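Asker: Predicted model and sequence follow; I will ask about them next.
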Amino acid sequence: MSNATTTYADFYRQSIDKPDAFWASQAKLIDWFKPFDRVCNYDNPPFAHWFEGGQTNLCYNAVDRHLKDRADQAALICVSSETGQEKTYTFKELHVEVQRMAASFRALGVQKGDRVLIYMPMIAEAAFAMLACARMGAIHCVVFGGFASGSLASRIDDATPKVIVSADAGSRGGKVVPYKPLLDEAIRLSSHKPEAVLLADRKLAPMAMVAGRDHLWNELRETHLDAQVSCEWMNSTDISYTIYTSGTTGRPKGVQRDTGGYAVALAASMKHIFDGRAGETYFSTSDIGWVVGHSYIVYGPLIAGMATILYEGLPTQGMDGKPDGAIWWSLVEKYRVTVMFSAPTAVRVLKKQDPALLKKHDLSSLRALFLAGEPLDEPTARWISEGLNVPIIDNYWQTESGWPILTIANGVEEKASKFGSPGVPMYGYRVKLLHESTGEELTKPGEKGVVVLEGPTPPGFMQTVWQDDERFVATYWKTVPGKMVYSTFDWGIRDKDGYYFILGRTDDVINVAGHRLGTREIEESISGHLQVAEVAVVGVADALKGQVAMAFVVPKDAGLLQDSAASLKLEKEIMKRVDDDLGAVARPARVRFVTALPKTRSGKLLRRAIQAVCEGRDAGDLTTMDDPAALEQIRDRVAAA
Ligand code: ATP
Ligand code: MG
């Protein structure tokens, strides 16, 4: 291990007691054009400015600085089980492509500080575009390619991009999803109009080009084959990008990030948390449209000198387009992946496959699998941990934080994980639990409170809400009376060993006859039943009790939906289980069986929408929803009752 003599407890203490010395030392993990004068300026809380006076560049750190030692090593490995294509770019080749992209941007008028909105499938050009922006100091704003015109239009209006980069189409489950018509419609809907649109043509779908506005990357690239675009030296506190939150709980927020702090935070996390080493391969199954994609598909691994896999496709589809539940494991074998990052929702998909698929490939290169994005339930964690026989490391964070808040830093000191817990506070994070109404700090093990962070937040954390400092302060820092702390809006408890457990979002609380219960706790109890594949619990208004819990369960055996006797039996068993685990107040009023649950495109449960449907209300903005049929099914179940 890298710091054999340091215990994690010491490491963490240093980061909190002597933050300047701690972060100055972490800052050596990246290259600076000009050294910083001040580690952290926190003169105006809650705004933390990291590495003031320093100048650096994200693209330089991700690409250029590796040319000396690893020019011919793999950098970007693009694999699409949708098109069957597979292509590796070395650091040298990536350097060339990024400059071609940067030169094309320049030809379209992009300058330092301009916004470039990226609305793309998981193809190499998406990474080129992000890195090209970073190279020239343009602010990228990646919008998840699965979003429809309405969501895209509101983000265009918020980001006011000079140029939009897109493609003819994406593909999902073998079905071509044209992007261009969605983009055209979004631009029609938005008040802000981009000056130019740059399009990668994958020849998947025809494109109607708008004369004067639309340009083909395939053509522009040809005119810039030998382009040399040097890195713009950015102030550490200059904006690198904005990204919107998943929108699980409402109106998406434009999270704004700096340059130097982010680069240092990622470099440090690659070393201390992910334990990824230069020359190895990292595989994150996320999407560039999410924060995990920014931090751990594009920037983090490349900054660390690792190759990164950019994967387009389902976890259950082979390169020939035929079903293959082992596709990811085949990539681990082929590219000797050492660190893998996915989400519990993806593992639950794989769990429905034959477990023998986990043994089909040689996974000896793999050291750990990291999972994040939603609570990792114990049965899922056990299943994958036994199947892969490597540590499964849960990590808790947010779009806002940019890198893990709670996890296990095995790169500092190897520590056991605990099922159901993402782990302990990461260095630099002053994590506290506060009483929800008094705001008092909870210090005893097992006390449940709101997870908050005391400022200054560490490098890499959001700077502010894009163009709205007031919203940043009001939304995140003013929720506890008399205290300025950052609220995560999640519930948590801490055990006697300092491990945290996340119990769900603060707005996912049910109040049954005066008892406040987290939906997550009830879900955890239900998911322990062997016949349960997935579960969502929501609170539904009830005249007598205020609210009651309602459970929607996906049984492992879908046949159960047709068998009313078996359904009734399972419903009774589930209720008994909750009674035994949590007490009768937590017992769901009804358990309803469905074949799927409504989720966002990033795999997060849309409890808000389920609750609205149960209460006969409008489900609100559903453009981030993955599978509208799942919500319809719930509507039918509720109506049939
Ligand atoms: P919005 O803020 O727009 O409602 P969102 O919170 O879903 O969207 P993200 O920033 O992508 O958007 O998700 C962060 C949230 O996901 C966390 O606040 C937490 O609720 C949940 N989460 C992430 N990782 C974990 C984890 N390991 N365990 C439990 N919950 C997690
Ligand atoms: Mg959130």
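Answerer: Received it, and whenever you're ready, just let me know what you need. Keep in mind the model is a prediction, meaning the values are calculated, not measured. Ligands and ions are numbered 1, 2, ... in the order given.

Asker: doesn't I502 fall inside a strand?
Answerer: Yes - applying DSSP: H, G, I helix; E, B strand; the rest coil, one finds I502 inside a strand.

Asker: What distance do you get for it to F461?
Answerer: Between I502 and F461 the distance is 18 Å, computed by CB to CB, to the nearest Å. Every C-beta, even on glycine, is put in place using the N, C-alpha and C of the backbone.

Asker: So which residues on the stretch 401-550 of the chain come close to ligand 1?
Answerer: Residues of the stretch 401-550 of the chain lying near ligand 1 by CB under 6 Å from any ligand atom: 422, 488, 490, 502, 505.

Asker: among these, which are in strands?
Answerer: Assigned to strands by DSSP state E, the following of those qualify: 488, 490, 502, 505.

Asker: For the second one, which residues are in contact?
Answerer: Residues in contact with D490, defined by CB atoms under 8 Å, 6 or more residues apart in numbering, are 396, 450-451, 502-506.

Asker: Scan the residues you listed and report the most crowded one.
Answerer: Y396 (27 neighbours; other CB atoms under 10 Å).

Asker: Quick one: residues contacting that residue.
Answerer: 372, 404-407, 422-423, 490, 500, 502 are the contacts of Y396 under CB under 8 Å, 6+ apart.

Asker: Identify the bridge partners of it.
Answerer: Under DSSP bridges, the beta-bridge partners of Y396 are L406.

Asker: can you count the residues close to R382?
Answerer: 12.

Asker: Is it part of a helix or strand, or is it coil?
Answerer: Put simply, R382 is helix when judged by three-state DSSP.

Asker: Please name the nearest non-neighbouring residue to it.
Answerer: Closest residue to R382 in three dimensions, ignoring its sequence neighbours and counting by CB to CB, 6 or more residues apart in numbering: F419, at 6.9 Å.

Asker: That neighbour and E378 touch, don't they?
Answerer: Yes - using CB atoms under 8 Å, F419 is in contact with E378, at 4.5 Å.

Asker: Closest to V548 out of the residues of the stretch 401-550 of the chain next to ligand 1?
Answerer: Closest to V548 out of these is R505 (19.0 Å), distances taken as CB to CB.

Asker: where's the closest one relative to T488, distance?
Answerer: Separation of R505 from T488 (CB to CB) stands at 9 Å.

Asker: Which positions within stretch 491-504 qualify as buried?
Answerer: Using 16 or more other CB atoms under 10 Å as the test for burial, stretch 491-504 gives 491-494, 499-504.

Asker: Return the closest of those residues with respect to G411.
Answerer: Out of the buried residues of stretch 491-504, the member with the shortest distance to G411 (by CB to CB) is Y499, at 18.3 Å.

Asker: who are the neighbours in contact with that closest one?
Answerer: 418, 421, 423-424.

Asker: Could I get the buried residue list for stretch 205-216?
Answerer: Result for stretch 205-216 [16+ other CB under 10 Å]: buried residues 205, 207, 214-216.

Asker: Excluding residues flanking it in the chain, which one is nearest the residue in the stretch 51-200 of the chain that ligand 1 sits nearest to?
Answerer: Closest approach between the stretch 51-200 of the chain and ligand 1, counting by CB to the nearest ligand atom: F144, at 10.6 Å. Closest residue in space to F144, ignoring its immediate chain neighbours: G289 at 2.8 Å, by CB to CB, 6+ apart.

Asker: The one you found: how many residues sit nearby?
Answerer: For G289, the count of nearby residues is 25 (other CB under 10 Å).

Asker: Repeat that for T316.
Answerer: 19.

Asker: For D31, see how far away the nearest residue to it once chain neighbours are set aside is.
Answerer: Once flanking residues are discounted, T316 sits nearest to G325: 4.9 Å by CB to CB, 6+ apart. Separation of G325 from D31 (CB to CB) stands at 42 Å.

Asker: And for L517?
Answerer: Distance from L517 to D31, counting by CB to CB: 50 Å.

Asker: Output the set of residues of the stretch 251-400 of the chain in proximity to ligand 1.
Answerer: Contacts of the stretch 251-400 of the chain with ligand 1, taken as CB under 6 Å from any ligand atom, map to 252, 372-376, 394-399.

Asker: In a markdown table: those residues, plus pLDDT.
Answerer: Putting these into a markdown table (pLDDT from 0 to 100) gives the following:
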| residue | pLDDT |
| --- | --- |
| P252 | 72 |
| A372 | 96 |
| G373 | 92 |
| E374 | 89 |
| P375 | 88 |
| L376 | 91 |
| D394 | 97 |
| N395 | 98 |
| Y396 | 98 |
| W397 | 98 |
| Q398 | 96 |
| T399 | 95 |
